[in-house]
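S.K.: Sequence and predicted structure are below.
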Amino acid sequence: MKEKTVEYKIKDGANRLNEIIRTEIKRKTFSKRNNISGEYSDDGGFDISNTFSMLYTEPNLGPLVKLNLKSVNSNSDGTESKLILKRKNGMTYNIHFWFAIFFIALTIVIAIYQTFSNGINESLMIFVLPIFGLIYILLIELFANSTISNLIRRIEKIMTTEKIEFKKL
């Protein structure tokens, strides 16, 4: 659940990268070159996500995680800019995470009750159930981290394709 932030120093203006990302977002679904979708963010910049994702819930609550992309000029003549990529957890992530926390708490309460009711020797194995909730949280976090890493690589690929010089800070 940690917030992952990656920063780049770009040897080009912020407007050029913003225009490239805006153009990619506005393309039709099947003509996208880099499989990214997005929208304007309330925090400034763009919230980027995968076009196709298998981790949507019904009803559709949006992507598991989003990548917030902010590009701002770092000098007055517009020849250098700073790109900030930050992970944002989506509603789907929050629902899965809190469901797993609820499951862990519920199974611990049931295990404690069973231990007091039946004795330690007969109901000690029920304490294994919360481990399934922890494994579920780890799987969701694994999917979220791989999605964010994939989106960061796509942004780097876009900058390389468009011949934008960048340096990771």
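M.R.: Cool, the structure landed. Numbering: from 1, shown residues only.

S.K.: which secondary element of this structure has the worst mean pLDDT?
M.R.: For the chain, the helix or strand with the lowest mean confidence is helix 120-123, at a mean of 74 (criterion: mean pLDDT, DSSP states H and E).

S.K.: Which secondary structure elements does that helix sit against?
M.R.: helix 91-118 (3 or more Cβ pairs under 8 Å, 6 or more residues apart in numbering; DSSP states H and E). (Glycine included, C-beta is placed from N, CA and C.)

S.K.: mind checking how far the helix it packs on is from the chain centre?
M.R.: In terms of Cα atoms, centre = their mean, to the nearest Å, the centre of helix 91-118 is set 25 Å apart from its chain centre.

S.K.: Now do that helix, average pLDDT.
M.R.: For helix 91-118, mean pLDDT rounds to 91.

S.K.: what packs against that helix?
M.R.: Against helix 91-118 (3+ Cβ pairs under 8 Å, 6+ apart) you get helix 120-123, helix 129-161.

S.K.: Highest mean neighbour count out of those helices?
M.R.: Most buried of the helices and strands packed on helix 91-118 by mean neighbour count (mean count of other Cβ atoms under 10 Å) is helix 129-161; its value is a mean of 16.

S.K.: now the angle from that helix to helix 91-118?
M.R.: 160 degrees (axes from the mean of the first three to the mean of the last three Cα atoms, to 10 degrees).

S.K.: how far is the least confident helix or strand of the chain from where the chain is centred?
M.R.: Here the centre of helix 120-123 is set off from its chain's centre by 42 Å, with Cα atoms, centre = their mean.

S.K.: Output it as CSV - backbone C-alpha positions only.
M.R.: The C-alpha coordinates for helix 120-123 follow below in CSV (Å, rounded to 0.1, in the frame of the first residue of the first chain):
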residue,chain,number,x,y,z
ILE,A,120,-6.3,-25.5,22.5
ASN,A,121,-5.5,-29.0,21.4
GLU,A,122,-8.6,-29.5,19.2
SER,A,123,-8.8,-26.0,17.5
